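Enquirer: With the sequence up front, the predicted model follows.
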Amino acid sequence: MRARHPPVSPWWVIAAQAAVGAVIAMLAWLITGREEIAWSALYGAATAVVPGALMARGMTSRLSSLSLGTSAASFMLWESVKIGVTVAMLMLAPRIVQPLSWPALLVGLVVCLKMYWVALLWRR
């Protein structure tokens with residue numbers, strides 16, 4: 001089963017999300033010619049990448065793989081951290097990116113979140 005369905009590295013997914021986020025921001029800038037749209041899209045991508053990287057770091061630590069119980073508890077802890085950081089970043093968006101374009105931010109966020117599905121399709 002594992003030979004037919006190898007696991008996908010979380011770091012590969014994070015790197016793919018970051019690359020796609022940069023491409024989306026560049027496209028937003030090229031299409032609209034407005035910097036605030038590009039920064040908003042890039043911040044939206046960061047809203048997916050930063051919490052995902054925190055969770056990947058926590059889940060790949062040695063401590064989280066000690067036993068089945070610690071793995072389950074670690075997953076719940078890091079998923080909570082991921083959700084909390086995402087919500088905090090979204091709440092801080094109007095203060096960090098000025099002027100903020102919510103549609104551009106949401107496009108960057110959603111496209112980066114969809115990379116999880118692309119990673120499943122592209123695994124070896």
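Expert: The structure has been received and is ready for your questions.
Enquirer: Packing partners of the helix ranked longest in the chain?
Expert: Looking across the chain with DSSP state H, the single longest helix is helix 68-96. Judged by 3 or more Cβ pairs under 8 Å, 6 or more residues apart in numbering; DSSP states H and E, the packing partners of helix 68-96 are helix 35-59. (Glycine included, C-beta is placed from N, CA and C.)
Enquirer: ok, and for the helix it packs on, which residues are buried?
Expert: 36-56, 58-59 (16 or more other Cβ atoms under 10 Å).
Enquirer: With stretch 24-31 instead?
Expert: Buried positions in stretch 24-31, judged by neighbour count with 16+ other Cβ under 10 Å: I24, A25, A28, W29.
Enquirer: Just the CA atoms of stretch 102-121, as PDB, please.
Expert: Only the C-alpha atoms of stretch 102-121 are listed here, as PDB (Å, rounded to 0.1, in the frame of the first residue of the first chain):
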ATOM      1  CA  TRP A 102     -10.100  41.700   0.400                       C
ATOM      2  CA  PRO A 103     -10.900  40.000  -3.000                       C
ATOM      3  CA  ALA A 104      -7.200  39.800  -3.900                       C
ATOM      4  CA  LEU A 105      -6.300  38.600  -0.400                       C
ATOM      5  CA  LEU A 106      -9.000  35.900  -0.600                       C
ATOM      6  CA  VAL A 107      -7.800  34.800  -4.100                       C
ATOM      7  CA  GLY A 108      -4.300  34.400  -2.800                       C
ATOM      8  CA  LEU A 109      -5.500  32.500   0.300                       C
ATOM      9  CA  VAL A 110      -7.900  30.100  -1.600                       C
ATOM     10  CA  VAL A 111      -5.400  29.300  -4.400                       C
ATOM     11  CA  CYS A 112      -2.700  28.500  -1.900                       C
ATOM     12  CA  LEU A 113      -5.100  26.300   0.100                       C
ATOM     13  CA  LYS A 114      -6.000  24.400  -3.000                       C
ATOM     14  CA  MET A 115      -2.400  23.300  -3.300                       C
ATOM     15  CA  TYR A 116      -3.100  20.500  -0.800                       C
ATOM     16  CA  TRP A 117      -5.300  18.900  -3.500                       C
ATOM     17  CA  VAL A 118      -2.600  19.500  -6.200                       C
ATOM     18  CA  ALA A 119       0.000  17.800  -4.000                       C
ATOM     19  CA  LEU A 120      -2.200  14.700  -3.700                       C
ATOM     20  CA  LEU A 121      -2.500  14.600  -7.500                       C
END
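Enquirer: Before I go, just wanted to say thanks for your time.
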